[in-house]
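Chemist: fold the following.
(2 chains)
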Amino acid sequence: MSIATEPNPLLKALIARLAAAAKLPQEQVAGLLRPPPKPDMGDYAIPCHALAKARGAKPDQVAIDLAAELALDPALKDIVAALEPAGAFLNVRVNGGALCAAILPRIAAAGAAYGGGAEGAGQTVVVDYSSPNIAKPFHTGHLMTTVLGASLVRIYRALGYRVVGVNHLGDWGTQCGYQFLAWQRADPQEREKQLAARGIDYLVDLYVGINAPAKELAELKEKLLDKNVALQPDCRKELETAIAALEPQVAETDRRARELFKQLEDGDAELRALWERMRVRTLEVLQLSYDRLGVKFESTDGEGFFEPFLKPMIAELKQKGVLVQSEGAWVIELAEPGAKKKAPPFIVVKSDGATKYETRDLAAAIYRKQTYDFAQNLYVVDVRQGFHFSGLFKALEKCGYPWAKDCRHVSYGLMQIKEGDATLPMTTRGGRMIPLSELLDRMVGIVRGIVDEKNPTLPSERKAAVAEAVGVGAIVFWIQARRRNSNIVFDWKEATNPDGDTGPYVQYTHARACSILRKHGASIPPNAQLALLAAPAEVQVVKALDEFPRVVRDAAREYEPSMLATWLVQTSRLFNDFYNSHQVLKAESEALRDARLALVDAVRTVLARGLALLGLGAPEEM
RNA sequence: GUCCCCGUAGCUCAGUUGGAUAGAGCGCUGGUUUCCUAAACCGGAGGUCGCAGGUUCGAAUCCUGCCGGGGACGCCA
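Modeler: Down below sits the predicted model:
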C-alpha cells in the first residue's frame, strides 16, 4: 500500500484500537468503517452485526460494550471526542482539530502529486482512444472517446503506470480509393488549400461528395422496393429511368475507387505519398483541437500501419488451425459446444479474400502485446461496438493468447445536443454535423460573454484565456459528470451554469481559493496550528480532501472519470459552505487565520489536481 | 429470437464489494452582500428507488421472472 492510500495517521490509530477491542484483523475493521448517514451523527461508524456473531451477543449490546471498552482506552483520549452507540451501530466522533492536523500536512507535503502513487510502477496500460475514421466527420461522438480516454491516460499515469495513448486512425480501406478519386477530380490549387486548412473535414467532404450518386441510387432503389408504398405506374417508370441513368456512373466510380485502393495496397509510390500526406495533414489539423483538450498521443499507428502484419498473421493462424474456412470466409469459431444458440464466428478474411477491420484489430492487439507488453489494453469505443470487442477478445483467447483477459472494452453511451427545444443526434441523416472545433468555439464564445459581464475589469487577454479554459472545460466536465455508459444530452446553457454540477462551478470554487491566497500575499505560514480547525464546516472540507486518493483509485479501477467529477462537485460545495460561513483573512486570531490559509491552500491544490486529471484548466481568477 | 446497457424527485443524475431516516443539481419557492469574487451560500416543497417474487438480522444495491426505453447480433467500421 502506498502512502497515499494508507489511512491518515489518526484514522490508522483509531482502526488499530477498534480492531484490538473487537478482536478482529485491522483490514476487516477498516473495511467495516463507513461514514454515518448524517455528518452530525459522527465521523465514522462501525456496524456491529458481524461482530455480534463472533461474540455471541446482540448487535445493539455489542455497540454498547464496545463503546464502554474504548472509552477507557488511553490511546484514544486525544483522538476521539465521542463514542455513541446507536442501535447496532457505534458512531465515533473524532477530534476535528486532530483530524485536520493529521490530514493537511500530508497534502502540503505531496503538493501537486497528492492523490497519485506508484502502485502502477513497472506496468504498462495501452489506451486506444479518439481513433477517428478519416471518411467520417469528427463530431461529438469522437469527443466522448477523446475526453474519456485522455482522462484515463492521465489517471493511470498519476498512479505510476506507463501509459501508451494510441490514436488508432481509421485510415485504410476502400474509402481511401474514393478519396483519391475525388482528389484527382478536384481543382489542384483548391484541394491543397482545403486539405491544409480543414484536414479530416475536407477528406470527409471528398468521400461524401463522390459517394452522393451512390447514396441517391440506394435511396431510389429503396423507394422502388418499398412494399408499403403503392406506386403509380408512371411514377414507377420515372424511378426506373433515374436508376438506370445512375447505375453505370455509380458502378464506374466504385470500380475506379477500388482499383485505386488496390494500387495503394500494391505499393504504388505516388498514391502512397498522397495517402501519407492526407494522413499527416489530418493529424496536424486534428491536433489543433486535441491541443485545446490537452490531448497528446504516444502513438498514431492507424489501420494502415498494420497492413504489412496481416498476411503473416493470417498464415500463422491458418497453420495453427485456429483460422478455418466457413461459408467461403476464413473465420475463428467462437461457438461454445454446449451453448443453446450458436455464436457467430469472428470473420478474419472475407469470402472475396479481403481483410476487414477485425483483421486489423487482431493484428493491432498482438502488436501491442509484443511492443508494449501491456498489463491492460483498453479500447475506449462507444457501446454499440460491444459485440465486436467481446468477439475480438474471445478470438484472441482461441488464438491461445493468455493476455486476452487483459483486454477491455471501455464503452460509453451516445451524446446528443440540445438546440432550443430540439434534441439533435450527432449523426443526423443528411443534416449537418457540428465539427469539434466549432463546438468548442461556440462554447468559448458563450463563456466569453459571461466573463465580460461578471469580470469586466479583467484584461482582455486574461478574459480570452479564462473563456477558453472555462468554455472547453464546461464541455469536458459535462461529458465526465455522469457515468460513461449513460446516454447524454449536451445542454449549452446548463453546462455553464455556475450554480450547477458543472465544470465552471468547480473552477470558480478554485478561483475563490486562489483569490484568498492572492489577497493574503505573503507565503503560507508553514507551522500553523492546524488543530484549531475544529468547526464542522472546516472538518468536512478536510475529510473530503482526505478521500481524494481513494477516489482516484476507484476511478481507475472502474474506468470512470465521473467519480472524480462527482467528488470535485461535492468538495467544492463543502468549501463554498465554509467560505460563506467563515472568514479567512479576517479570522478571529492570527493563529486561526494561518490554519485556515493552510486549509485553503490544500483545497486549491487538490481541486486543481482533480480538474487537471479530468482535462480541465484551473484559472486563478475568473 | 439471443445477448448487452439503462429504468431512483417534474427534469438531469449520484448512491450498486448488501447496512441506520435514499442524496445532489436544475426548475419552483423563501431568505443571505457595511464581510476574502453573489459565477456563491442557507431554508422549504417534491420519492410505491419500473413491477412481482426470492435470499438475508438488514435490499435502490444480490438472484429469478416480467414490463418499459436504447443498442448489437456472419462477411460495414
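
Chemist: did I read that right, A:Asn377 in a helix?
Modeler: No: counting by DSSP: H, G, I helix; E, B strand; the rest coil, A:Asn377 is not found in a helix; it is strand.

Chemist: show the pLDDT at it.
Modeler: In this model, A:Asn377 is scored at 97, pLDDT.

Chemist: what about the helix or strand hosting A:Lys221 and RNA strand B, any contact?
Modeler: If you go by DSSP states H and E, A:Lys221 is part of helix A:200-225. No: using C-beta under 7 Å from any atom of the strand, helix A:200-225 never reaches RNA strand B; the gap is at least 12.0 Å. Where C-beta positions appear, they are placed from N, C-alpha and C, glycine not excepted.

Chemist: continuing past that helix, what's the next helix or strand?
Modeler: Past helix A:200-225, further along toward the C-terminus, the next helix or strand under DSSP H and E is helix A:233-265.

Chemist: give me the mean pLDDT for that next one.
Modeler: For helix A:233-265, the mean per-residue pLDDT is 85.

Chemist: and it with helix A:200-225, angle?
Modeler: Here helix A:233-265 runs at 140 degrees with respect to helix A:200-225, directions being taken by axes from the mean of the first three to the mean of the last three C-alpha atoms, to 10 degrees.

Chemist: helix A:233-265 and RNA strand B in contact?
Modeler: No: Helix A:233-265 lies out of reach of RNA strand B by C-beta under 7 Å from any atom of the strand, never closer than 10.6 Å.

Chemist: helix or strand right after that helix?
Modeler: According to DSSP H and E, the helix or strand after helix A:233-265 is helix A:269-293.

Chemist: in the stretch 1-150 of chain A, what residue lies closest to RNA strand B?
Modeler: A:Ala45 (2.7 Å; C-beta to the nearest atom of the strand).

Chemist: for A:Leu611, which non-adjacent residue is closest in space?
Modeler: Nearest non-adjacent residue to A:Leu611, counting by C-beta to C-beta, 6 or more residues apart in numbering: A:Ala618, 4.8 Å away.

Chemist: picking up where we left off before, against which helices or strands is the helix holding A:Lys221 packed?
Modeler: Counting contacts by 3 or more C-beta pairs under 8 Å, 6 or more residues apart in numbering; DSSP states H and E, helix A:200-225 is packed against helix A:174-185, helix A:188-198, helix A:233-265, helix A:269-293.

Chemist: would you mark the buried spots in it?
Modeler: Neighbour-count burial for helix A:200-225 flags A:200-207, A:210-211, A:214, A:217, A:220 (criterion: 16 or more other C-beta atoms under 10 Å).

Chemist: between helix A:188-198 and it, find me the angle.
Modeler: Calculated by the same axes, to 10 degrees, helix A:200-225 forms an angle of 100 degrees with helix A:188-198.

Chemist: and the angle from helix A:200-225 to helix A:269-293?
Modeler: In terms of direction (the same axes, to 10 degrees), helix A:200-225 departs from helix A:269-293 by 110 degrees.

Chemist: thinking again about what came up before, now do the contacts for the residue nearest to A:Leu611.
Modeler: A:469, A:507, A:510-511, A:607-608, A:611-612 (C-beta atoms under 8 Å, 6 or more residues apart in numbering).

Chemist: same thing but 7 Å
Modeler: A:507, A:510, A:607-608, A:611-612 (C-beta atoms under 7 Å, 6 or more residues apart in numbering).

Chemist: next: A:Glu620.
Modeler: Taking C-beta under 7 Å, 6+ apart, we find A:Glu620 in contact with A:511, A:514.

Chemist: residue ranges with poor pLDDT in the stretch 401-550 of chain A?
Modeler: By pLDDT under 70, the low-scoring segments of the stretch 401-550 of chain A are A:420-433.

Chemist: residues from it in reach of RNA strand B?
Modeler: Selection of the stretch 401-550 of chain A residues close to RNA strand B by C-beta under 7 Å from any atom of the strand yields A:413-414, A:447, A:450-451, A:454-455, A:466, A:470, A:481-483, A:485-489, A:494, A:496-501, A:504-505, A:508, A:511-512, A:514-516, A:519.

Chemist: about what we covered before: which residue in the buried residues of helix A:200-225 has the weakest pLDDT?
Modeler: Minimum pLDDT for these is recorded at A:Leu220 (79).

Chemist: contacting residues around that one?
Modeler: By C-beta under 7 Å, 6+ apart, the contact set of A:Leu220 is A:239, A:242-243.

Chemist: of these, keep whichever come out buried.
Modeler: By 16+ other C-beta under 10 Å, the contacts of A:Leu220 give A:Ile243 as buried.

Chemist: from the contacts of A:Leu220, pick the one nearest RNA strand B.
Modeler: A:Ile243 (21.4 Å).

Chemist: do I have it right that the closest one meets A:Lys223?
Modeler: No: contact criterion C-beta atoms under 7 Å: A:Ile243 and A:Lys223 do not qualify, at 9.5 Å.

Chemist: circling back to that earlier point, in TSV: the contacts of A:Ala618, plus neighbour count, distance to A:Thr571 and secondary structure.
Modeler: What follows is the contacts of A:Ala618, written out as TSV (neighbours: other C-beta atoms under 10 Å; distance: C-beta to C-beta, whole Å; DSSP: H, G, I helix; E, B strand; the rest coil):
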residue	neighbour count	distance to A:Thr571	secondary structure
A:Gln507	27	13	helix
A:His510	27	10	helix
A:Leu607	25	7	helix
A:Ala608	21	12	helix
A:Leu611	24	11	helix
A:Ala612	16	15	helix
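
Chemist: and those residues, which is closest to RNA strand B?
Modeler: When these are compared for distance to RNA strand B (C-beta to the nearest atom of the strand), A:Gln507 wins out at 7.6 Å.

Chemist: what residues are up against that closest one?
Modeler: Contact analysis of A:Gln507 by C-beta under 7 Å, 6+ apart lists A:470, A:473, A:611, A:616, A:618-619, A:622.

Chemist: try it again at 6 Å.
Modeler: Residues near A:Gln507 by C-beta atoms under 6 Å, 6 or more residues apart in numbering: A:Val470.

Chemist: the residue nearest to the spatial centre of chain A in helix, strand or coil?
Modeler: Residue closest to the mean C-alpha point of chain A, counted by C-alpha atoms, centre = their mean, is A:Leu148 at 1.7 Å. Secondary structure state of A:Leu148, per three-state DSSP, is helix.

Chemist: residue contacts, it?
Modeler: Neighbouring residues of A:Leu148 by C-beta under 6 Å, 6+ apart: A:380, A:412, A:484.

Chemist: residues from the stretch 101-250 of chain A in reach of RNA strand B?
Modeler: Contacts of the stretch 101-250 of chain A with RNA strand B, taken as C-beta under 7 Å from any atom of the strand, map to A:133, A:170, A:173-174.

Chemist: if you count contacts, what does the helix or strand encompassing A:Gly97 end up packed against?
Modeler: Using DSSP H and E, A:Gly97 maps to helix A:96-110. Where contact means 3 or more C-beta pairs under 6 Å, 6 or more residues apart in numbering; DSSP states H and E, helix A:96-110 is packed against helix A:9-22, helix A:536-558, helix A:590-613.

Chemist: for A:Arg93, give its distance to A:Val472.
Modeler: Distance, A:Arg93 to A:Val472, by C-beta to C-beta, to the nearest Å: 43 Å.

Chemist: of the two, which one has the most company?
Modeler: Between A:Arg93 and A:Val472, counted using other C-beta atoms under 10 Å, A:Val472 has the larger neighbour count: 24 against 17.

Chemist: in which helix or strand would I find the more buried one?
Modeler: Assessed by DSSP H and E, A:Val472 sits inside helix A:460-480.

Chemist: mind listing what's buried along that helix?
Modeler: Using 16+ other C-beta under 10 Å as the test for burial, helix A:460-480 gives A:462-463, A:465-480.

Chemist: still on that earlier bit, how close does the residue nearest to A:Leu611 sit to RNA strand B?
Modeler: Plainly put, A:Ala618 is 11 Å away from RNA strand B if you go by C-beta to the nearest atom of the strand, to the nearest Å.
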